[in-house]
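Participant: Sequence plus predicted model, see below.
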Amino acid sequence: MAAAANSNSDNLTLDKVREALIRQEDTIIFRLIQRANFPVNSPTYDEKFASFSGSLLQFVVKETEALQSKVGRYENPEEQPFSPENLPPSLVPPQANPPVLHPAAASININEKIWDFYFNRLLPLFAVPGDDGNYASTASSDLDCLQAISRRIHYGYYVAEVKFKDAPQDYEPAIRAQDREGLMKLLTFEAVEEMVKKRVEKKAAVFGQDVCLVDNGNGKCKVDPSVVSRLYGEWIMPLTKLVQVEYLLRRLD
Ligand SMILES: C=C(O[C@@H]1C=C(C(=O)O)C=C[C@H]1O)C(=O)O
């Protein structure tokens, strides 16, 4: 599960980290396509599930994350749980690799923000209204999307670490001054962001095609490519940068 970029600090270059982010685009887009197979299915979210205190979705998240925690998922810094309260400990022996990140990474979890935009803003843009009764599949598919998006956003730790290591003389004064705006300026590359938005839009157009042996001229995509570009421009990239800033603010502690 660990990406090449986090196995050894010598491997950590900005190019490698960016490559990892590019590969994660594919995962995110395929998971959105998967979720778009189901309509909104609102009982997944609204109803109290059996004797559980929350919705079916919350139950699936809590139980799935508990199992994944036991098999070591959250030993990976970029994997952050959505339901962190009372997670069972990992049964897997800790990795021998020396840590690449500052320990501050462990205290930065912005999954509440991710949960909020995913359900309140994004989902209505790509899931059609309706109810087909597939609530369990809908909930696991939502969790798949959330986990892929969260991993991508919390990968900001590595982006920040590599940017800091490449130019400590630029970052240290802003960190000492706890200057959020200054840090945000230092780590932002607008040309890269424009390229990312264009690339994910194109990927969504390619991955979301119906593949037919005879071209039926149906150009409809399974997920609207402009929604994917918006997902990156409005939420994923700004939140990746927020993770970077939060990490850098604590980088010299
Ligand atoms: C991730 C990076 O940092 C920032 C965030 C980006 C993103 O989330 O894709 C892209 C460019 C930068 O403004 C990067 O420089 O690659």
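Facilitator: Noted; the coordinates are in hand.
Participant: Next secondary structure element downstream of the top helix by length along the chain?
Facilitator: The helix spanning the most residues in the chain, taking DSSP state H as the definition, is helix 14-35. For helix 14-35, the succeeding helix or strand toward the C-terminus, using DSSP states H and E, is helix 43-46.
Participant: so what does that following helix touch, helix or strand wise?
Facilitator: helix 56-70, helix 135-154 (3 or more CB pairs under 8 Å, 6 or more residues apart in numbering; DSSP states H and E). Bear in mind the C-beta positions are built from the backbone N, C-alpha and C, glycine included.
Participant: any idea how far that helix is from the chain center?
Facilitator: 23 Å (CA atoms, centre = their mean, to the nearest Å).
Participant: So what touches that helix?
Facilitator: Helix 43-46 has contacts (CB atoms under 8 Å, 6 or more residues apart in numbering) with Ser55, Leu56, Leu57, Phe119, Asp131, Tyr135, Thr138, Ala139, Asp142.
Participant: Just the buried residues from these, in PyMOL please.
Facilitator: Selection of buried members from the contacts of helix 43-46 for PyMOL, criterion 16 or more other CB atoms under 10 Å:
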select buried, resi 55+56+57+135+138+139+142
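Participant: Now distance to the ligand and pLDDT too, for the contacts of helix 43-46, in CSV please.
Facilitator: Shown next, in CSV, are these (distance: CB to the nearest ligand atom, whole Å; pLDDT from 0 to 100):
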residue, distance to the ligand, pLDDT
Ser55, 30, 97
Leu56, 32, 98
Leu57, 27, 98
Phe119, 21, 98
Asp131, 35, 98
Tyr135, 33, 97
Thr138, 28, 98
Ala139, 27, 98
Asp142, 22, 98
